[in-house]
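Peer 1: Just to be clear, the model below is a prediction. Sequence and coordinates:
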Amino acid sequence: MEVKAPIPVIPAPIWRNIKDLQEWEQFRQHRPEGDKHSALFESVTEGVHAFPGGFVLTTAADAFFNWARKSSVWPVTFGLACCAIEMMATFASRFDVERLGMVPWASPRHSDLMVVSGTVTIKMAPMLERIYDQMPDPKWALSMGSCANSGGPFRHGYHVVKGVDRVIPVDVYVPGCPPPPESLLNGLLLLQDQISHFRRTGQRAAPNPKVD
Amino acid sequence: MTHEEAATLIGEHFVGAQVQGGSPLAVTVPVDRWVALARFAKETLGCRFFAFSTAVDWKDGGLEVIAKVDNLDNQLSVLMKTRLGTGVSACPSLVPVYRGANWMERECYDMFGIRFEGHPDLRRILLADDWQGHPLLKSYAVDTPHPPYR
Amino acid sequence: MSEALSRVEIDYAGGERLTMNMGPQHPSAHGVFRAILTLEGETVVGVDAVVGYLHRCHEKLAETLTYAQYPSIASKTDYVAAMTSEFAYVMAAENIGKINVPKRAQYLRVLTAELQRIASHLLWLGTWCMDMGGALGGGATIFLYCIRERELILDLFESLVGARLLYGFYQVGGVRYDLPAGWGDTCRQTVSHIEQRIGEYESLLDGNPFFLARARGVGVISRELAEDVGIAGPLLRGSGVAFDLRRAAPYSSYEDFQFTIPVAPEGDCFARYRVRMAEFRESIRIVRQVLDALPEGPISSRPGLKSVAQIRIPKGESYARVEGPRGEVGCYLIADGSAKPYRMKWRGASFSNLAVLPHIIPGHKVADVVAIMGSVDPVFGEVDR
């Protein structure tokens, strides 16, 4: 009796044209809370802008706060799989990230960045969401490796989430399997650039086609 | 004890067994002699090391449970196999004989749906407790959707 | 007031138990493992190990990938020692298909497997000491030293294969790449450097009273339990069983090399530590012997892969096992004559090793759980596959 291996059935994609995909991605990027500041803060900013040249103050303050934020991004150690080993190598002394101000910290309550390194499985996804929710704002997420970007080599598996951006909004994607520490450092520096574009009103700047 | 001596001993004690020579020694027994064969391997053949236990889904031929045990002192390996009938998914558990069968049989239950009688704690080990279906059966597609994540 | 002060003794009756979750994300740097501990005070009385947070469907995916495609996916089971995972799969396919592997390829496989063992043990030492010491409190010392040495070996791999951590180096019939010029000399220098550094780490740790207090007498695995549960590798050798697959069932020309098997009888964390430190030196010995004796010749008996379905293995089954840094990594393969396997089962060393935890942890304190987990050295790619 000849046994033949089964042919995998690939389900239809969830979007039919590129506009659906963009809309879905915008939906995933939506951050419900935390990007809003208090009404008092908004009114103070409005008041400062009412004076001629007041925008200079807010722009300078912006620059200062963004510099402070990007120089001290603390990643939460969220190593899931093979990429965790490369992440540990990046945190070690050869590809030091502590010179960029990034101290890896185990507790999500005290960290700014979540580096999702490794495959996200269906069993792990609720835990990941919970850890992400425990991080205080402003927070960023970096998807490291092809498994976190899109499911990676295990995309067709029954227990694998096709990319961590189905669970949390992601700011930087670092490709590779696993990305060598140089790539991860590149991604972290790109994240620092993104943070420097972060504006007071809490909305992200429109993507600059030259850089982003 | 060499593989030939072990094959002879098994042939004497288990009359209906099919023994295939070589290393490891592959022995197929019916389901009701499964635990007896394991006990024989542990006590008489001295195979105290439990390597692994798994199952195979031969689509129309039913499920087959496989376990491998080793004798570390003289490198005797016995690959024990038993064919469950078509549509049958119950098998006696090896946990009373080898403690290492605990997690291996939980994985067989998880992946194939085989219920092991006599297992102290039969529940899913790799997938979530409320997962529907048993993935390694040939009737389960590799990319079965699971809303909302896929 | 002449009554003496009465002394009241409050006896802890031990009736109150606390269930504590050591969740899938914890700083113990071993991956996604959840242990639900039942505590009585500070003592652990029960452990429920929940695994499966990294179940990536290897066995099902292997039925849909060909023999040429799967070895690089195989590296992702034991991702710290990726060479040994590929080795088992490729060897199983070659056993069924009776495919001959040329001598040079066999020696290269031994060379990379031993270098991988050194790299994996370096990572083990670094993360274990970091777990016991804390990330900012002295544990990071050994971690940074070990990662610094491991980077030297990863540089060697990068110049050989092109990748640092996960390779597609092995293929059915041999290996894929040959040594570049000058690689042998760099390898010898690296290995001598590491040998000297291992001596430094031993002098740091062997007499350190804090380390000894945390590792001696902790997590004793008896010989009978070890065999019954099926743990292998340094855990088995640390419990007094002198069993090493490279000596017991030699594969890929291991019988050509001289090395001893380190064994320690006590069965505690310190015994396993001594076994692994001795294994460093033995692996370095094997690497030097391979470099001295490396023959010329082809590196694969099936070179020039033109399509992914080119390798077809006839019907049959085989169980190939390899002595990985964590124990016996095995691949049970059932082939059906096509380019894809019918069934492939990974016998993961860490899966069997972790199964021993519910037997040895009860009775220890919470802090010992971390020390025991580190000395068991699980890699969750292998546990969950």
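Peer 2: Structure's in. What do you need? Numbers count the residues shown, from 1 in each chain, chains lettered A, B, ... in the order given.
Peer 1: Please work out how many residues are found near residue C:17.
Peer 2: When neighbours are counted by other CB atoms under 10 Å in any protein chain shown, residue C:17 registers 12. For glycine as for every other residue, the C-beta is placed from the backbone atoms N, C-alpha and C.
Peer 1: how much space is there between it and residue A:192?
Peer 2: Per CB to CB, to the nearest Å, residue C:17 is found 48 Å from residue A:192.
Peer 1: Tell me which stretches of the stretch 1-150 of chain C form helices.
Peer 2: C:58-62, C:70-74, C:82-97, C:103-133, C:139-160 (DSSP state H, counting those that start in this stretch).
Peer 1: Quick one: these as JSON lines, columns for distance to residue C:231, mean neighbour count and mean pLDDT too.
Peer 2: Output for the helices of the stretch 1-150 of chain C, formatted as JSON lines (distance: least, CB to CB, whole Å; neighbours: other CB atoms under 10 Å in any protein chain shown; pLDDT from 0 to 100):
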{"stretch": "helix C:58-62", "distance to residue C:231": "21", "mean neighbour count": "24", "mean pLDDT": "91"}
{"stretch": "helix C:70-74", "distance to residue C:231": "22", "mean neighbour count": "23", "mean pLDDT": "90"}
{"stretch": "helix C:82-97", "distance to residue C:231": "16", "mean neighbour count": "26", "mean pLDDT": "91"}
{"stretch": "helix C:103-133", "distance to residue C:231": "15", "mean neighbour count": "24", "mean pLDDT": "92"}
{"stretch": "helix C:139-160", "distance to residue C:231": "24", "mean neighbour count": "20", "mean pLDDT": "90"}
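Peer 1: between those, which one is nearest to residue B:67?
Peer 2: Closest to residue B:67 of these, according to CB to CB: helix C:58-62, at 16.7 Å.
Peer 1: list the buried ones in stretch C:207-219?
Peer 2: Across stretch C:207-219, burial judged by 16 or more other CB atoms under 10 Å in any protein chain shown covers C:211, C:214, C:215, C:218, C:219.
Peer 1: check whether the worst-scoring helix or strand of chain B on mean pLDDT contacts chain C.
Peer 2: Taking mean pLDDT, DSSP states H and E as the measure, chain B has strand B:18-20 as its least confident helix or strand, at a mean of 79. No - Strand B:18-20 lies apart from chain C when judged by CB under 8 Å from any CB of the partner chain; the minimum separation is 10.2 Å.
Peer 1: Partner strands of that strand and their direction?
Peer 2: strand B:25-28 (antiparallel) (DSSP bridges).
Peer 1: just to revisit the earlier point, mind listing what's buried along the least confident helix or strand of chain B?
Peer 2: residue B:19.
Peer 1: Can you tell me what sits against it?
Peer 2: B:7, B:10, B:11, B:25, B:26, B:27, B:28 (CB atoms under 8 Å, 6 or more residues apart in numbering or on different chains).
Peer 1: ok, which stretches of the chain are strands?
Peer 2: Picked chain A for this. For chain A, the strands defined by DSSP state E occupy A:75-76, A:113-117, A:140-144, A:172-174.
Peer 1: look at chain C instead
Peer 2: C:18-22, C:34-40, C:43-50, C:170-171, C:174-175, C:316-324, C:327-335, C:341-347.
Peer 1: export the helices of the stretch 1-150 of chain C to JSON lines and tack on distance to chain A?
Peer 2: Shown next, in JSON lines, are the helices of the stretch 1-150 of chain C (distance: least, CB to the nearest CB, whole Å):
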{"stretch": "helix C:58-62", "distance to chain A": "6"}
{"stretch": "helix C:70-74", "distance to chain A": "6"}
{"stretch": "helix C:82-97", "distance to chain A": "8"}
{"stretch": "helix C:103-133", "distance to chain A": "7"}
{"stretch": "helix C:139-160", "distance to chain A": "4"}
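Peer 1: Can you lay out these as TSV showing distance to residue B:134?
Peer 2: Formatted as TSV, these follow (distance: least, CB to CB, whole Å):
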stretch	distance to residue B:134
helix C:58-62	11
helix C:70-74	22
helix C:82-97	24
helix C:103-133	33
helix C:139-160	38
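Peer 1: Compare those helices and give me the one nearest residue B:74.
Peer 2: Taking CB to CB, helix C:82-97 is the member of the helices of the stretch 1-150 of chain C nearest to residue B:74, at 21.5 Å.
Peer 1: That closest one and chain B, any residue contact?
Peer 2: No - against chain B, helix C:82-97 shows no contacts by CB under 8 Å from any CB, the least distance being 10.7 Å.
Peer 1: Just the CA atoms of that helix, as PDB, please.
Peer 2: Taking Å, rounded to 0.1, in the frame of the first residue of the first chain, the C-alpha atoms of helix C:82-97 are listed here in PDB:
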ATOM      1  CA  ALA C  82      21.900  23.400  15.900                       C
ATOM      2  CA  MET C  83      24.500  21.100  14.300                       C
ATOM      3  CA  THR C  84      23.600  18.100  16.400                       C
ATOM      4  CA  SER C  85      19.900  18.400  15.600                       C
ATOM      5  CA  GLU C  86      20.500  18.400  11.800                       C
ATOM      6  CA  PHE C  87      22.900  15.500  12.300                       C
ATOM      7  CA  ALA C  88      20.200  13.200  13.700                       C
ATOM      8  CA  TYR C  89      17.800  13.900  10.800                       C
ATOM      9  CA  VAL C  90      20.400  13.500   8.100                       C
ATOM     10  CA  MET C  91      21.800  10.400   9.600                       C
ATOM     11  CA  ALA C  92      18.300   8.800   9.800                       C
ATOM     12  CA  ALA C  93      17.700   9.500   6.200                       C
ATOM     13  CA  GLU C  94      21.100   8.100   5.200                       C
ATOM     14  CA  ASN C  95      20.500   4.900   7.300                       C
ATOM     15  CA  ILE C  96      17.300   4.200   5.500                       C
ATOM     16  CA  GLY C  97      18.600   5.000   2.000                       C
END
